[in-house]
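**Q** predicted model and sequence follow; I will ask about them next.
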Amino acid sequence: MHASDRPPTVSRRALLGGAALAALPWDLAQAQAPSGTLRVGMTLAAIPLSNGCPDQGGEGQRFMGITLYNFLVEWDLSQSDRPAPLKPGLATDWAVDPGNPKRWWFTIRQGVKFHDGKLLTAADVAFSFDRAFRRDAAWFDNRANAAVALRMPTIADWGAEGEDRFWLETIYPDSTVPFGTVYVGITHRGAWEAAGRSWDAYLDRAVGTGPWKLESFAIRERAVLVRNPDHWEAARIPKTQRLMLLPLPDANTRVAALRSGQVDFIEAPPPDALASLQAAGFATVLNRYPHNWTWHFSMLEGSPWRDVRVRKAANLAIDRAGMTAMLGGTMLAGAGIVTPDSPWYGTPSFRLDYDPARARALLAEAGHGPRNPLKTRVAISAGGSGQMQPLTMNEAVQQNLKDIGIEVSFEVVEWNALLVMRREGAAKIASRGVSAINVSYGAGDPFSGFMRIMKADMAAPAGGNWGSLNDPVLEPLFEAAYRAMDPAVQDAILAKIHTRVVDEALFLFVAHDLNPRAMSRRVQGFVQARNWSQDLTPIRMA
């Protein structure tokens, strides 16, 4: 493999936090804050957009979505011992129209005030959906659309009826609509007009109904949010005065900032740093949640992954136990899109064991081996929300695959650039030899875990099916799952879907993240929910 194609390695000493503080961004020295400010070191290279539909994946939603905004339907993030269920947000209830299975009705909560004092109405919800989806609206925001279009691809029309009813219609019956609404933050037209009718200017003066208000926004440096003492949900009034968000994409820099007291809370500390952080008195937390770390295969003509023998061989080549040890126990061995304890797991017959001999035999059947290696290229990121330790992990996968006769080179890009590649689809980069992409996926709801990334009519760029998968067995099952409004019926259908996904080895299943975080002993009250999002409002600074 050419040296330029190899992800950079990180020494154990560096992973243990030995990075010099001189490597910290200049503005971190000014990040010292009085008691009452929670300072977070994110894995991102920039502050997520504050427009109510943040970019940068799950971390964007976690830090600039549910902080500043509320949504029609929200995740209940108050418990750590079970997957997070949905709960009422700005909608007190929702239901399918009994006379029209394509239409949903939402009852809008009364008495909610925006940060600027305006009372919430159904018209504000309609405006916010226009902002994200209605391209001919004067207030359409292309960046908001880029962030949420893949979350609700079946949306067809919507509107307000009176002050307290909002309706939404889809192109066909869609049981997943409530899950999609958790990504569309609600603002109002007056806030956009106050920003000069410019979504660019709005980023500095964002207005939502959330538990925090925006004080300052500098996309490459920091964002500062202040407590909203009048938030409509008393249980989510923040227990700290301020929340400071700092982009620290380098894992060693995050650890150094935490050790030096320049931040209080960091995302995704390097696994090798966990023991030393604990010994120094820092708290570390883990929890399983619906998230998987995979390679998404191209199924376009000419892709090596169209051959099920190659896909199975690659899956059997991965030493998941070795990777778990390498990551200090911060992952579960990849078992599919969901973990075996999920009601959606099903009964697959293909076991994701580490079996290099069987992998070589399958690859030989497909015409490849160590003397005649299959060569391909994979797009990966250097970091990013949910990406765990992508350089180290991909290098391990690369070596495992080389051992059986698959030679992989990497196209390493920044996280947001990788998300653009995902949206554009496999065909866009096929000319560069890229046949797979390493993007982690959340699977907390049926749409995110299955339809979004595998249904034929959601092939990129129309949806999240990056590799243009079109499986004749899966398609009718997807349609049935969409129409199943009864959760038990839907669970049974999803179990059949997942059985097929694993048996056909439709992805390279590597890991399920345990979502490590580290924090100062001053940080108290944090509950790590089993969800991509996390609630920072219960945190208090001792």
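**A** Structure's in. What do you need?
**Q** tell me, how many neighbours does Arg311 end up with?
**A** Neighbours of Arg311 under the rule other CB atoms under 10 Å: 23. The way it works is simple: take the backbone N, C-alpha and C, and place the C-beta from them, glycine included.
**Q** show me the contacts for the closest residue to it other than its chain neighbours.
**A** Closest residue to Arg311 apart from its sequence neighbours, by CB to CB, 6 or more residues apart in numbering: Ala505 at 3.9 Å. Contacts for Ala505 (CB atoms under 8 Å, 6 or more residues apart in numbering) come out as Val308, Arg311, Lys312, Ala314, Asn315, Phe350.
**Q** which non-adjacent residue is nearest the fifth one?
**A** Okay, so that is Asn315. Ala505 (5.0 Å).
**Q** again with the fourth one
**A** Leaving out its chain neighbours, the residue that sits closest to Ala314 by CB to CB, 6+ apart is Leu508, at 5.5 Å.
**Q** what's the top helix by length along the chain in contact with?
**A** Counting by DSSP state H, the longest helix found in the chain is helix 487-503. By CB under 8 Å, 6+ apart, the list of residues contacting helix 487-503 from outside reads 175, 335-338, 342-350, 352, 446, 449-450, 454, 471, 473-474, 477-478, 480-481, 484, 507, 509.
**Q** mind checking which of those residues land in helices?
**A** Pro446, Met454, Leu474, Leu477, Phe478, Ala480, Ala481.
**Q** I'd like those as TSV, with pLDDT appended.
**A** Output for the ones in helices among the contacts of helix 487-503, formatted as TSV (pLDDT from 0 to 100):
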residue	pLDDT
Pro446	94
Met454	97
Leu474	98
Leu477	98
Phe478	97
Ala480	97
Ala481	97
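**Q** nearest to Lys375, of the residues you listed?
**A** Lys375 has its nearest neighbour among the ones in helices among the contacts of helix 487-503 in Met454, at 26.3 Å by CB to CB.
**Q** the closest one and Phe265: what is the separation?
**A** 35 Å (CB to CB, to the nearest Å).
**Q** tell me which of these two has more neighbours.
**A** Between Met454 and Phe265, counted using other CB under 10 Å, the more crowded position is Met454 (27 against 22).
**Q** who touches the more buried one in this structure?
**A** By CB under 8 Å, 6+ apart, the neighbours of Met454 are Asn465, Leu469, Asp471, Leu474, Phe478, Val501, Leu506.
**Q** now do the strands in the stretch 251-400 of the chain.
**A** Along the stretch 251-400 of the chain, the stretches classed as strands by DSSP state E, counting those that start in this stretch are 265-267, 283-285, 291-297, 331-333, 374-381.
**Q** nearest to Gln524, out of the ones you listed?
**A** The nearest among the strands of the stretch 251-400 of the chain, by CB to CB, is strand 283-285 at 9.0 Å.
**Q** for the closest one, which positions count as buried?
**A** Within strand 283-285, the residues scored as buried using 16 or more other CB atoms under 10 Å are Ala283, Thr284.
**Q** so what touches it?
**A** The set of residues external to strand 283-285 that reach it, using CB under 8 Å, 6+ apart, is 269, 274, 277-278, 516-521, 523, 526, 528.
**Q** direction included, what does that strand pair up with?
**A** strand 517-519 (antiparallel) (DSSP bridges).
**Q** picking that back up, and the residue nearest to Asn315, what element?
**A** Ala505 belongs to no helix or strand when assigned by DSSP states H and E.
**Q** same question, Glu59
**A** Judged by DSSP H and E, Glu59 forms part of helix 57-64.
**Q** that helix: how far from the chain's middle?
**A** Put simply, helix 57-64 sits 8 Å off its chain's centre (CA atoms, centre = their mean, to the nearest Å).
**Q** other SSEs contacting it?
**A** Using 3 or more CB pairs under 8 Å, 6 or more residues apart in numbering; DSSP states H and E, the elements in contact with helix 57-64 are strand 37-42.
**Q** cutoff 10 Å now
**A** When contacts are defined as 3 or more CB pairs under 10 Å, 6 or more residues apart in numbering; DSSP states H and E, helix 57-64 packs onto strand 37-42, helix 142-148, strand 212-218, strand 222-227, strand 242-247, strand 265-267, helix 415-424, strand 441-442.
**Q** C-terminal to that helix, what's the next element?
**A** strand 73-75.
**Q** okay, now the sheet partners of that following strand, with direction.
**A** Its sheet considered, strand 73-75 pairs with strand 86-88 (antiparallel) by DSSP bridges.
**Q** wait, Ile155 sits on Gly180?
**A** Yes: applying CB atoms under 10 Å as the test, Ile155 and Gly180 come out as touching, 7.5 Å apart.
**Q** overlap of the contact sets of these two?
**A** Val148, Leu168, Thr170, Asp174 (CB atoms under 10 Å, 6 or more residues apart in numbering).
**Q** got CSV for those residues, with neighbour count and pLDDT too?
**A** Output for these, formatted as CSV (neighbours: other CB atoms under 10 Å; pLDDT from 0 to 100):
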residue, neighbour count, pLDDT
Val148, 24, 95
Leu168, 27, 98
Thr170, 22, 98
Asp174, 27, 96
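**Q** and of those residues, the nearest to Trp212?
**A** Proximity of these to Trp212 (CB to CB) peaks at Val148, which lies at 20.4 Å.
**Q** now the helices for the stretch 101-250 of the chain?
**A** 122-133, 142-148, 177-180, 189-194, 199-202 (DSSP state H, counting those that start in this stretch).
**Q** among those, which is nearest Val412?
**A** Taking the helices of the stretch 101-250 of the chain one by one with CB to CB, helix 142-148 is closest: 22.2 Å.
**Q** now do that closest one: which elements does it pack against?
**A** Using 3+ CB pairs under 10 Å, 6+ apart, helix 142-148 sits against helix 57-64, helix 122-133, helix 199-202, helix 415-424.
**Q** how about the ones you listed in JSON lines, adding distance to Phe282, mean pLDDT and mean neighbour count?
**A** Shown next, in JSON lines, are these (distance: least, CB to CB, whole Å; pLDDT from 0 to 100; neighbours: other CB atoms under 10 Å):
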{"stretch": "helix 57-64", "distance to Phe282": "20", "mean pLDDT": "94", "mean neighbour count": "26"}
{"stretch": "helix 122-133", "distance to Phe282": "39", "mean pLDDT": "98", "mean neighbour count": "23"}
{"stretch": "helix 199-202", "distance to Phe282": "37", "mean pLDDT": "98", "mean neighbour count": "17"}
{"stretch": "helix 415-424", "distance to Phe282": "25", "mean pLDDT": "92", "mean neighbour count": "19"}
